[in-house]
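>>> Provide a 3D model corresponding to the input given below.
(chains A and B)
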Amino acid sequence: MSTVQNMAVPARLKPPSSALDVNAVRGDFPLLRQRVHGRPLVYLDNAATSQKPQAVLEAMKHFYTEECSNVHRGVHELSERATRAYEAAREKVRAFINAREAREIIFVRGTTEAINLVAQSYGRTQVKAGDEILITAMEHHSNIVPWQILCQEKGARLRVAPINDAGELLLDEFEKLLTSRTRLVAVTHVSNALGTINPVQQIVEKAHQRNVPVLLDGAQAAPHLRIDVQTLDCDFYTFSGHKAFGPTGIGVLYGKAQWLEAMPPYQGGGEMISSVTFEKTTYNVIPHKFEAGTPNIAGTIGLGAALDYLNQIGFERIVAYEHELLLYGTEALSQVPGLQLIGTAKEKAAVLSFVLEGIHPHDVGTILDREGIAVRTGHHCAQPVMDRFGVSATSRASLVFYNTREEIDALVAGLHKVREVFGT
Amino acid sequence: MNELRELYQELIIDHSKRPRNFHPLPDPEHRADGYNPLCGDKVTVYLNTEDGRVQDISFQGSGCAISTASASIMTETLKGRSRDEVAAIFKKFHRLLTQDETGTDGNTELGKLVVFSGVREFPLRVKCASLPWHTMNAALERKSKTISTE
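Numbers count the residues shown, from 1 in each chain, chains lettered A, B, ... in the order given. Have a look, this model is predicted:
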């Protein structure tokens, strides 16, 4: 289509030599080599889940072929090796988010389970009738529903800090909602539907001034930003392995040791106990107190390999490259007639959520799919965000460091095809 | 592109942009809400009967081109039909969406609805086309609860 060429954004200056080598990086991800509907795959659904580098797949294969055994159980060689690999992964996570101690790292299924753990364990003991939990208007359902369940059980109240039309948190309004009744602040670090990067440092400071602990939902932040929980001083931090180039079914809850020690267990079973009689059970120390049952050992090891991989590339390069992609993508999409970006925060991750005038996102997604382009369409598990912007759904292209400008050009060309099909 | 053209036939695009019978019925005899939580499609079907036939039918809601066109063409198709005819057409339409039926034998009664035959190449979109029909069915059966595709 000739119009597409006219729409192309002029090439920017060549990146410096220390910059990320995207071709080399793409070579690390076997899945990216495939074709979909006869076209090269353009995978732009990374906020839903990211693809996995070979190193992660190898690490998991190595566990199952060389080390498979249960952890913290046997005295035999394999169990020793499995336990070492499992605990080594915990140490990798500790270093990744700069936690003070490895025992502050709890392995869970994902961000959702991490938040539910805090809602149930912290909430059960610390939240009473009339208390309040403060969240924001840009939360994912997984940082809304666990608190609603808790509030319903306890007769507590869920308060929601509003956002502006760009999708930025109104910090003043947030502060007004922090009261003597607030028992916990739970805020997303990066919005999955809008891409907004929240001022989490300020949020934690303001909450701590009132002695309110803060949970940060880092599902969309951990793959893209350097996380330092000591600098942030947050009380809880959560993220998922699968969005950070690791396997599905593994995630992390970081909690300050003082909180985790005071909190009751979330699930009962093996591993989380020191001794059991029918009269009384003594719970294990943290982190084991919160890891009932055989954990996802292979997933944990895969996550460790994913974090190694991210460190190897380096967040400095990742942040610079992804920001460049965001600017390029924002400019390119802005030139598509009838396209409106949803989420235009000044501080933003490489998420491009948009609506096309007169065309439902579901139809956009189907037509792009036939071009080999994978985007997410729908409400992104953030229906209140959709309501806030008066749309029922959006299309979302979410980018990571293995995406290219050429892929953004392909998206733009695909959107012109969408308009052609609909005669707009 | 051919499969896309099969899916988004001109009649479908036309009905999605200018849906027919797109309004509520005042004080309807039957009414039901349909919802697809996957994509957020919402549809409400209103229906009045007379002597066992669909005397009037309309819809409202928001959804993709496939679901809007499906609802629009459904209302055109069902007006004046008996309950038995409605059930038979629904059955045939559902088969059209999900099975590869060669030959036009079974499709003669479907009329305009055959434009949805392209949907079967897009399994994730079958629910879009069938949601208005399930909702209509629930309305006829006087089910008051929201019909979900999940």
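
>>> Pull up the residues of the stretch 301-424 of chain A that are close to chain B.
Contact residues, the stretch 301-424 of chain A versus chain B (C-beta under 8 Å from any C-beta of the partner chain): A:358-363, A:366-367, A:370, A:377-379, A:383, A:386, A:392-393, A:421-423. Backbone N, C-alpha and C define where each C-beta goes, glycine included.

>>> correction: chain A
A:358-363, A:366-367, A:370, A:377-379, A:383, A:386, A:392-393, A:421-423.

>>> May I see the PyMOL selection of the buried members of the residues you listed?
Selection of buried members from those for PyMOL, criterion 16 or more other C-beta atoms under 10 Å in any protein chain shown:
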select buried, chain A and resi 359+360+361+362+363+366+367+370+377+378+379+383+386+392+393+421+422
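
>>> Run through the residues of chain B sitting next to chain A.
B:1, B:3-5, B:7-8, B:13, B:17, B:38-42, B:62-66, B:68, B:122, B:124-125, B:128.

>>> Just the buried ones out of those residues, please.
B:4, B:7-8, B:13, B:17, B:38-42, B:63-66, B:68, B:122, B:125, B:128.

>>> In strands, which of the residues you listed fall?
Judged by DSSP state E, strands contain the following of these: B:41, B:42.

>>> Point out the ones among the buried ones among the residues of chain B next to chain A that are inside helices.
B:4, B:7, B:13, B:17, B:65, B:66, B:68, B:128 (DSSP state H).

>>> Can you lay out those residues as JSON lines showing distance to residue A:314 and pLDDT?
Listed next are those as JSON lines, based on distance: C-beta to C-beta, whole Å; pLDDT from 0 to 100:
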{"residue": "B:4", "distance to residue A:314": "41", "pLDDT": "89"}
{"residue": "B:7", "distance to residue A:314": "44", "pLDDT": "91"}
{"residue": "B:13", "distance to residue A:314": "48", "pLDDT": "95"}
{"residue": "B:17", "distance to residue A:314": "49", "pLDDT": "95"}
{"residue": "B:65", "distance to residue A:314": "44", "pLDDT": "95"}
{"residue": "B:66", "distance to residue A:314": "45", "pLDDT": "95"}
{"residue": "B:68", "distance to residue A:314": "48", "pLDDT": "96"}
{"residue": "B:128", "distance to residue A:314": "44", "pLDDT": "93"}
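
>>> What is the nearest of these to residue A:286?
Using C-beta to C-beta, residue B:128 is the member of these that lies nearest residue A:286, at 48.1 Å.

>>> Between the ones in helices among the buried ones among the residues of chain B next to chain A, which sits nearest residue A:87?
The closest of those, once distances to residue A:87 are taken by C-beta to C-beta, is residue B:128, at 48.5 Å.

>>> tell me the contacts of that closest one?
Listed by C-beta atoms under 8 Å, 6 or more residues apart in numbering or on different chains, the contact set of residue B:128 reads A:362, B:36, B:39, B:41, B:63, B:64, B:66, B:67, B:70, B:119.

>>> Out of those residues, which one has the lowest pLDDT?
The pLDDT minimum for the contacts of residue B:128 sits at residue B:39, where the score is 72.
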